[in-house]
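Visitor: Need coordinates for the below:
(chains A, B and C)
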Amino acid sequence: MKKLIEVKNVVKTFDSQVVLKGISLDIYENEFVTLLGPSGCGKTTLLRIIAGFLDPTEGHVIMDGEDIARIPAYKRDVNTVFQHYALFPHLDVYDNIAFGLKIKKQPKDIIDQKVMRMISLVGLEGFEHRDVTSMSGGQQQRVAIARALVNEPRVLLLDESLSALDKNLRKEMQLELKEIQREVGITFIFVTHDQEEALTMSDKIVIMKDGEIEQIGTPAQVYNEPANEYCARFIGDSNIIDGIMKKDRLVSFDDADYECVDYGFEENEEVDIMIRPEDVDIVPRNRGLLNGEVKSVLFKGVHYEVMVETSSGTSKTVTMHVTKSRDVENAEAHEKISASSFYMDLEDVESLTDSEVIARANAQAWDDKDEFVSLTKVAYSLKPEVGTYPCTFGTDAGTEITVNINVVKPQVIKDESNEEVIQAFDFYKTAEEIKESVALDTDLIRWADAYAWSTEDESRVEIWDVKYDFDDENISEGDYPVTFSTQGREIKVETTDAIEEGQRIGLKWNPEDIHVMRKSR
Amino acid sequence: MKSFSKMVYPYVVWAAVMIVVPMLMIVLYACTVKGNSVLTFQFTFDNFIRFFSDPVFPGVLWRSLKLAVITTLICIAVGYPTAYVMAKLKPNSQAVAVLLITLPMWINMLVRTYAWRGILSYIGMSGEAKVYVGMIYNFLPFMILQIYTSLSKIDPNLITAAHDLGANNTETFKRVILPLSLSGVVSGITLVFLPAVSSFFIPKLLGGGQYVLIGNLIEDYFISTGDWNFGSAISLIMALIILVSMYVTRKIDRYTAQEEDD
Amino acid sequence: MEQKTKLHEKIFLGLIMLFFYLPIIYVVIFSFNSSKSLSTFTGFSLQWYEKMFANRTIMESIWYTVSCAVIATVVSTIVGTVTAIGLSKSSKALREAINQVNNLPMLNPDIVTAIGFMLFFTSLRIKTSFTTMVLAHIAFCIPYVILSVMPKLRTLDPNLAEAALDLGCTPLQALWKVIIPQIMPGIISGALVAFSMSFDDFVISLFTTGPGVNNISIYVYANVKRVNPTINALSAIIVYVVTIVLILVNVIPMIRERKLKKNEN
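Guide: Have a look, this model is predicted:
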């Protein structure tokens, strides 16, 4: 194949913001090239530079050995299909398609011939004199393609051209576009953020991120051997695990070693390991490479998507004291008041406010019509040391209740292997409060003030699981354990076998299913 | 396409000469006294001092402001319900109502004001009341159309949502419709108050010459007396007052808009 | 907003409409009055129309008004459109600056703008005349044209111009074949606003016109002291013309739409 376009070190800046950081790319004749990346990665900017709508700040665009970087768009042998088609609303289908030929002042009979050929190529016979604004997205798309192709360009540029169509139509147009490209035999450069689209249509995929090219390859190459974690995440579903390359063909994660086929890394180099969900097999317990528990099963049509936890997260168990209802009644004032004792962190004493105390004690007062009465009295005196302190809430009418504030040392559990810390406190609740809770897991997290964070960067870690074995509908007084934990290692598996949540299973894969990647920078 | 930006240059020159320079001329004249030429230009505040030291001029200014404020208030009081009823009509009737209100506006303002003369003298109205009728007649359509535009832009789902959340019609009006249409009232105020302050042919045509407003003063000093310096000073004072009141109105609008956000 | 309107609301709306149309109806009726009276209708006659057409000053004032409005509309529409297109491709600072300057004549009271022109012309020793009046009209019309064209440009798909370039248009061809047709509604409404502003203008005309050159407004203003029913006839004719034009403008698109629908069926 002959090289058609050579993009050389193209840099583009907009007001000191660098959008393209030195892109080099070769495009060949008769090739279907896809520029793939999330919005803001610079793919559209690159396309517009090739089209001639933007000048590169630095670098060259060479077409047939000639630098075209400074040649205006209307003199280039390149045509574009725009994202929202940019059909001329004041012209009908025929005149839209004939626009370019009329500008070039071609004879009328030739224009007619060429336009009609294009109309039949894109399957719009009979629509010649339709108003373009009243057409469906798919039809507008066809007009846009015909309008560009009728000029017989060497390269057709397509800017997110299918993104405005609904899913089924998009699939149809993908095939049709590929078909048209084969028929007219020119180069297509296609911009998209849809990886599936890229895999289906392209001869070559260019994965971009932040103005740089991450990987160039055939669809099979970018799927099976992504260059780095970013490419692996962007294309297809994947499990990506931090690991260490022990030596050639042996990689380790979560304290176990696994065979692989990759080599050429340094000894004990930190790497990213990718395993595709469809490459993992579910086997009976202890028959695979590692064991785990099924956390969730999602039906996806062709297969089930199963999340398997192979090592647990950081967890902390607290005691929930379920007590009698402690409503205090003030018969004279027709008022009732209630509040609970609570535990709190020594470190939080300094910054405690009245409204926080009310919230933590869940203090409230109400009259016999069930209308809330505001709490005007909040009396407590706390010292920043461990101990139990009384706290009294009251209303204007003199209805009062006293509860205890238990100031305790921080209750944290640190898990070195997960690099996480979790904290939670014991708490008091009445059976009613538990029964009334609409979202019990969330309420338990709030009541226990459960909180987890990473020791690496102090960032918050989500409490993934709340475990308890009481029946919240029929709970009685007493003490109950509640366990909060973060997410452990979860591996996503795609299987066609039915599997149940909670099942304990083994996982297995072949050494060639593991793909080891260098950590990116 | 960037080359199209050059198409602005002729207008930049034109605007500088035909808009900016005339405005500067007013300032120049206001700050000089008669007899000054550009060569012997002497900066002075005499014209402004003269305006405020004679009780007649501030009196006229006060009367003009009072007239404009009252006109604006009446226009809101009448215009808001009108716009509200219009916005409740069926879409087709709304279009007809808008057309009916717009149509008289295409007919020369002077001609329409002139027509009131006959009617009002037939009824036997006093000078000042006639001026008010003329003012309201001329400026009410602006107020109605501004408020109507802001009302018709309100998403009907918001009203449904308010009802869904338990608001009755009065509460929905007070808490949803009124705050959302306030921007229309404010632009209506701009369109009514501003020309009402400076109006001079309405009082002249309907007030019978006894009813002097600030606009009439300016006209007199330019056309009859020929003291352009003092005339310029009066118009500068008027322009400043209008500028300040517009600024305050917009501030209030933004303030209430923010309050609604909280 | 659409709700049921109650009877008293309909009556209220009707009264407001009556208020707006009362003077118009009055003028039309009394333009046919056989006597000079402005309060009693003594009988039908066309004498005021005859007198009006025989009055040279009135005929001249109509001529001045129309020709001034036509010239001001044509010039301000062209200049305003060209400027708006340029502004849409200019830097934000320039766009803001022009907007601020354009606000001066739009937000200032007419009389301030008017004396500005008057001082400007006389300081340059230019005798006020029909020409100065036209210049002033052009100056205050352009901002309105820019104001009505700009939103159309802002909502214009930027890819349309690029598509034209992509298909081989030079920038000028793209402007003529794609941008102008797209913003045409804005240009037309700008032209209509400019025409009506110029046609109805009184204050600015009064201060910038030369001796002996009166437009309709100035004529009415100068002649209200005396009882003069020819003004009723003049006013009535304006009412007829405006009504006919507005009906045509509003009805023709409706008929065209109906025809289109018929053709499609």
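Visitor: C-alpha only now, for contacts and for neighbours.
Guide: OK.
Visitor: residues contacting the residue nearest to the spatial centre of chain C?
Guide: Centroid check for chain C by Cα atoms, centre = their mean gives C:Ser196 as the closest residue, at 1.1 Å. Taking Cα atoms under 8 Å, 6 or more residues apart in numbering or on different chains, we find C:Ser196 in contact with B:Trp106, C:Ala69.
Visitor: let's see 10 Å
Guide: C:Ser196 makes contact with B:Met105, B:Trp106, B:Ile107, B:Asn108, C:Ala69, C:Thr73, C:Cys141, according to Cα atoms under 10 Å, 6 or more residues apart in numbering or on different chains.
Visitor: Format those residues as TSV; extra columns: pLDDT.
Guide: Supplementary listing: the contacts of C:Ser196 in TSV, determined by pLDDT from 0 to 100:
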residue	pLDDT
B:Met105	83
B:Trp106	80
B:Ile107	81
B:Asn108	81
C:Ala69	95
C:Thr73	96
C:Cys141	95
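Visitor: Double-check that the residue nearest to the centre of chain C belongs to a helix.
Guide: Yes: judged by DSSP: H, G, I helix; E, B strand; the rest coil, C:Ser196 forms part of a helix.
Visitor: Next one: it from C:Tyr144, what distance?
Guide: Using Cα to Cα, to the nearest Å, one gets 11 Å for the distance from C:Ser196 to C:Tyr144.
Visitor: Same check on A:Asp237?
Guide: Distance, A:Asp237 to C:Tyr144, by Cα to Cα: 57 Å.
Visitor: The two - which one has more neighbours?
Guide: In this view A:Asp237 and C:Tyr144 are compared by other Cα atoms under 10 Å in any protein chain shown, and C:Tyr144 has more residues nearby, 24 against 17.
Visitor: Just give me the neighbour total for the closest residue to chain C within the stretch 151-262 of chain B.
Guide: Closest residue of the stretch 151-262 of chain B to chain C, Cα to the nearest Cα: B:Pro156 (5.4 Å). When counting by other Cα under 10 Å, one arrives at 12 neighbours for B:Pro156.
Visitor: Can you check the pLDDT for residue 260?
Guide: You didn't pick a chain, so chain A it is. pLDDT for A:Cys260: 91.
Visitor: nope, chain C
Guide: The model's pLDDT for C:Leu260 equals 69.
Visitor: What of A:Val280?
Guide: We have a pLDDT of 92 for A:Val280.
Visitor: I figured it was touching A:Asn510, is that so?
Guide: Yes: taking contacts as Cα atoms under 10 Å, A:Val280 lies within contact range of A:Asn510: 8.3 Å.
Visitor: quick one, which of these two is more surrounded?
Guide: Per other Cα under 10 Å, whichever of A:Val280 and A:Asn510 has more neighbours is A:Val280, with 19 against 14.
Visitor: which SS class is A:Tyr223?
Guide: Of the three states, A:Tyr223 takes helix according to three-state DSSP.
Visitor: A:Arg70 too?
Guide: Classification of A:Arg70 using three-state DSSP returns coil.
Visitor: ok, now which ones touch residue 149?
Guide: By default, I'm working from chain A. A:Leu149 makes contacts with A:78-81, A:97, A:100, A:114-115, A:118, A:121, A:143, A:155-156, A:180, A:184, A:186, C:167, as judged by Cα under 10 Å, 6+ apart.
Visitor: Hmm, no, I was thinking of chain B.
Guide: Neighbouring residues of B:Thr149 by Cα under 10 Å, 6+ apart: B:Ala83, B:Ala87, B:Val98, B:Ser181, B:Ser183, B:Gly184.
Visitor: any idea how far A:Arg70 is from whichever residue of chain C sits closest to chain A?
Guide: Closest to chain A within chain C is C:Gly168: 4.1 Å, counting by Cα to the nearest Cα. Noted for C:Gly168: a distance of 16 Å to A:Arg70, by Cα to Cα.
Visitor: more crowded one of those two?
Guide: C:Gly168 (26 against 13).
Visitor: from memory the more buried one sits against A:Tyr74, does it?
Guide: Yes: look at C:Gly168 against A:Tyr74 with Cα under 10 Å: they come within range, at 4.1 Å.
Visitor: overlap in contacts of these two?
Guide: Counting by Cα under 10 Å, 6+ apart, the residues touching both C:Gly168 and A:Tyr74 are A:Gly100, C:Glu162.
Visitor: Could I get the buried residue list for whichever strand or helix holds B:Ile252?
Guide: Applying DSSP states H and E as the criterion places B:Ile252 in helix B:228-261. Residues B:228-239, B:241-242, B:246, B:249-250, B:253 are the ones in helix B:228-261 that count as buried (16 or more other Cα atoms under 10 Å in any protein chain shown).
Visitor: got the residues of the stretch 151-265 of chain C near chain A?
Guide: C:157-171, C:173-174, C:177-179, C:181-182 (Cα under 10 Å from any Cα of the partner chain).
Visitor: now with 7 Å?
Guide: Contact residues (Cα under 7 Å from any Cα of the partner chain) of the stretch 151-265 of chain C with chain A: C:Asp157, C:Asn159, C:Leu160, C:Ala163, C:Leu165, C:Asp166, C:Leu167, C:Gly168, C:Cys169, C:Thr170, C:Pro181.
Visitor: tally of neighbours for the last one?
Guide: Here the count is done by other Cα under 10 Å, and C:Pro181 has 15 residues near it.
Visitor: Okay, now the sheet partners of the helix or strand where A:Met307 lies, with direction.
Guide: Element membership for A:Met307 (DSSP H and E) is strand A:304-311. Sheet pairing of strand A:304-311 (DSSP bridges) gives strand A:290-299 (antiparallel), strand A:489-495 (antiparallel).
Visitor: List of residues touching the first one?
Guide: Strand A:290-299 is touched from outside by A:285, A:304-310, A:501-507, with contacts defined as Cα atoms under 7 Å, 6 or more residues apart in numbering or on different chains.
Visitor: mind checking which helix or strand A:Val61 is in?
Guide: strand A:58-63.
Visitor: Local confidence estimate at A:Trp464?
Guide: We have a pLDDT of 84 for A:Trp464.
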